[in-house]
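**Student:** task: produce atomic coordinates for the following.
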Amino acid sequence: MLFPGLSLPARAVARCRATVPAWLVPYLSGAGAVPSLVLDYAAGLYAVGGQQVAQPVTGARLGPRAVDGLGQGVIVDPARSNVVTQSVATAAGWSIIGSTQRTQLSENAHGLFPGLEVVSEGQNWHRAQPPSGNFAANVPYAVSVWYRAGSSGRMRCILYSGATNPVTSVALAGTAGAVTLNTSSGATISNVENLALGGGYHLLRFVMVLASAVSATAFGVGPDSTVSGQSVIVHAMQVEQAVAPSGYIGTSGSVVARAADTAGLAGGGWLSAPEGTLLLRARLRCAGEVPLARLSGAGDALDLYRTAGGKLRARFGGAPGLLLDSAASVPSHSDVAVALGWSGSGMSLCLSGGVVAKAGGAVSSALNRLDFAVPGVGAGAGPALIRAVRFYPKRLSDAELQGLTA
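**Tutor:** Next up, the predicted model:
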């Protein structure tokens with residue numbers, strides 16, 4: 001078998017493919033370089049040093065996770081708290097606003113939510129709400145609402161407080177799965193996202209910043225209908241003090257905090273090389289900053305993340321460090337394939353088979369650990385799902401980087 005990282009002339013590549021195990025062939029580079037690390041969560045295949053192993057990443061929280069719309073991979077969530085003290089919508093835990101009716105269901109949506117049918121009695125602001133909360137002024141809150149369409153085919157999410165001057169009034173409304181901003185007084189709303197979770201289930205997410213502090217808030221969900229008897233099925237609500245939403249955090253009577261995910265693996269023999277190429281396939285689960293990976297060792301770190309501006313960035317060393325941005329931007333809630341190569345003469349970065357960006361400057365040869373988190377990228381760094389990883393212990397050519405990420 002070939003040594004990991006070895007590349008061959010074009011006419012020898014066919015012989016190379018004939019000499020490696022059949023399961024390893026799909027992971028060779030275009031020029032026949034053999035990866036020393038393979039993590040393929042979709043296929044359930046993992047290899048270190050050319051040998052198949054059990055899933056090797058320590059601390060990994062693995063998908064699929066239906067409630068967040070995630071498939072196979074390593075889930076990377078930042079440390080967060082859900083300030084909604086009764087996250088699951090139930091007749092016992094949620095109250096009504098107006099002459100709204102509610103019926104307890106037993107759906108077991110996503111294996112978590114029984115469902116609460118919320119019925120309008122003739123006003124589009126009729127709704128059900130979890131226990132009232134307090135919100136500070138000029139602080140970002142990331143809101144997530146899980147629901148499905150009822151007989152109205154619509155939903156309305158409303159926050160209202162008449163105690164502020166001016167009155168604080170926020171409403172997002174629309175057809176299920178296509179909800180948009182309807183009203184915003186005393187608040188700024190951004191990053192409205194409608195995610196389809198399959199099976200008719202929906203997830204509405206947005207970020208709000210209130211101009212005034214609000215307490216005893218009337219913040220709930222209804223069917224957005226003026227027709228008595230029309231309904232929406234509400235599953236859960238989450239509010240995080242953050243610039244981007246993360247995965248679901250269940251609560252039952254009090255605020256619940258979730259620690260940051262810390263998944264990674266030591267380099268051992270597979271990462272010991274004076275140069276290398278990291279191929280990573282991931283899903284970016286929000287807008288803004290998203291950490292993807294950190295290679296570290298001997299006090300040095302090579303980070304890969306999406307910036308608040310949307311570019312993929314490689315950074316070696318402390319700020320400002322050696323920086324390299326991708327030629328193209330990456331939208332939120334998108335799947336990305338990125339290859340990062342480095343050596344003593346600089347870095348190469350390729351996104352989705354596009355233009356290869358380059359930066360000169362030496363990168364440490366003492367990197368010996370891979371982690372799926374990037375401390376210090378930003379306090380508001382958002383979540384990701386790591387789908388697949390390969391490491392080649394050499395800096396691959398531009399053509400190989402483009403071929404791996406196409």
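
**Student:** only C-alpha atoms from now on, for both contacts and neighbour counts.
**Tutor:** Will do.

**Student:** where does pLDDT dip in this protein?
**Tutor:** 1-18, 318-320, 375-380 (pLDDT under 70).

**Student:** so which residue is dead centre in the chain?
**Tutor:** residue 285 (2.6 Å; C-alpha atoms, centre = their mean).

**Student:** chain neighbours aside, what residue packs nearest to that one?
**Tutor:** residue 333 (4.7 Å; C-alpha to C-alpha, 6 or more residues apart in numbering).

**Student:** what about the one you found, how many neighbours?
**Tutor:** Residues within reach of residue 333, counting by other C-alpha atoms under 10 Å, total 14.

**Student:** that one and residue 110, how far apart?
**Tutor:** 20 Å (C-alpha to C-alpha, to the nearest Å).

**Student:** residue 142 now?
**Tutor:** 21 Å.

**Student:** repeat that for residue 313.
**Tutor:** In terms of C-alpha to C-alpha, residue 313 sits 35 Å off from residue 110.

**Student:** equivalent analysis for residue 354, please.
**Tutor:** In terms of C-alpha to C-alpha, residue 354 sits 37 Å off from residue 110.

**Student:** kindly report the same for residue 92.
**Tutor:** For residue 92, the distance to residue 110 - C-alpha to C-alpha - is 20 Å.

**Student:** looking at those two, which one has more neighbours?
**Tutor:** More neighbours surround residue 110 than the other of residue 92 and residue 110, with 17 against 8 (other C-alpha under 10 Å).

**Student:** give the contact list for the more buried one.
**Tutor:** If you count contacts by C-alpha atoms under 8 Å, 6 or more residues apart in numbering, residue 110 has them with 66-67.

**Student:** equivalent analysis for the one 3 residues further on, please.
**Tutor:** Contact partners of residue 113, counting by C-alpha under 8 Å, 6+ apart, are 88-89, 106-107, 235-236.

**Student:** same thing but at 10 Å, please
**Tutor:** 67, 87-90, 105-107, 146-147, 234-236 (C-alpha atoms under 10 Å, 6 or more residues apart in numbering).

**Student:** got it, and residue 92?
**Tutor:** 104, 130.

**Student:** so which strand or helix has it?
**Tutor:** Under the criterion DSSP states H and E, no helix or strand holds residue 92.

**Student:** how close does it get to residue 187?
**Tutor:** Counting by C-alpha to C-alpha - residue 92 and residue 187 are separated by 30 Å.

**Student:** who's in contact with residue 373?
**Tutor:** Residue 373 neighbours (C-alpha under 10 Å, 6+ apart): 76-78, 260-264, 290-295, 303-305, 381, 383-384.

**Student:** so which of those residues are in strands?
**Tutor:** Counting by DSSP state E, those place 76, 264, 290-295, 303-305, 384 in strands.

**Student:** turn the residues you listed into CSV, columns for distance to residue 220 and neighbour count.
**Tutor:** Shown next, in CSV, are the ones in strands among the contacts of residue 373 (distance: C-alpha to C-alpha, whole Å; neighbours: other C-alpha atoms under 10 Å):
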residue, distance to residue 220, neighbour count
76, 29, 26
264, 39, 20
290, 29, 31
291, 32, 27
292, 34, 26
293, 37, 22
294, 40, 22
295, 43, 25
303, 40, 25
304, 38, 29
305, 35, 23
384, 28, 27
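
**Student:** surely residue 404 is within a helix?
**Tutor:** Yes: according to DSSP: H, G, I helix; E, B strand; the rest coil, the state of residue 404 is that of a helix.

**Student:** assumed residue 33 was part of a strand.
**Tutor:** No: Residue 33 is assigned coil when assessed by three-state DSSP, not a strand.

**Student:** number of nearby residues for it?
**Tutor:** Residue 33: 23 neighbours (other C-alpha under 10 Å).

**Student:** for it, what are phi and psi?
**Tutor:** With angles defined as degrees, to the nearest 10, residue 33 sits at phi -70, psi 140.

**Student:** how about residue 25?
**Tutor:** According to degrees, to the nearest 10, residue 25 has phi -50, psi -40.

**Student:** and the helices in this protein, which stretches?
**Tutor:** In the chain, the helices defined using DSSP state H lie at 10-19, 398-405.

**Student:** quick one: residue 266 from residue 390, how far?
**Tutor:** From residue 266 to residue 390 the distance is 14 Å (C-alpha to C-alpha).

**Student:** who has more neighbours out of the two?
**Tutor:** Counting neighbours by other C-alpha under 10 Å for residue 266 and for residue 390 shows that residue 390 has the greater number, 24 against 18.

**Student:** return the set of residues that bridge with that one.
**Tutor:** residue 38, residue 279 (DSSP bridges).

**Student:** what about residue 252, how many neighbours?
**Tutor:** 12.

**Student:** how about the contacts made by it?
**Tutor:** For residue 252, the contact set (C-alpha under 10 Å, 6+ apart) comprises 84-88, 93.

**Student:** just the buried residues out of those, in ChimeraX syntax.
**Tutor:** Typed into ChimeraX, the line below selects the buried ones among the contacts of residue 252, using 16 or more other C-alpha atoms under 10 Å:
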select :84,85,86,87,88
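
**Student:** now do residue 79 against residue 55, distance only.
**Tutor:** 24 Å.

**Student:** so residue 29 sits against residue 398, correct?
**Tutor:** No: with contact defined as C-alpha atoms under 10 Å, residue 29 does not count as touching residue 398 (11.4 Å).

**Student:** what residues are shared contacts of those two?
**Tutor:** residue 404.

**Student:** the two: which has the busier surroundings?
**Tutor:** Neighbours per residue (other C-alpha under 10 Å) separate residue 29 from residue 398, with residue 29 holding more: 22 against 19.

**Student:** skipping its backbone neighbours, what lies nearest the more buried one in space?
**Tutor:** Using C-alpha to C-alpha, 6+ apart, the nearest residue to residue 29 is residue 400, at 6.2 Å.

**Student:** sounds good, over and out.
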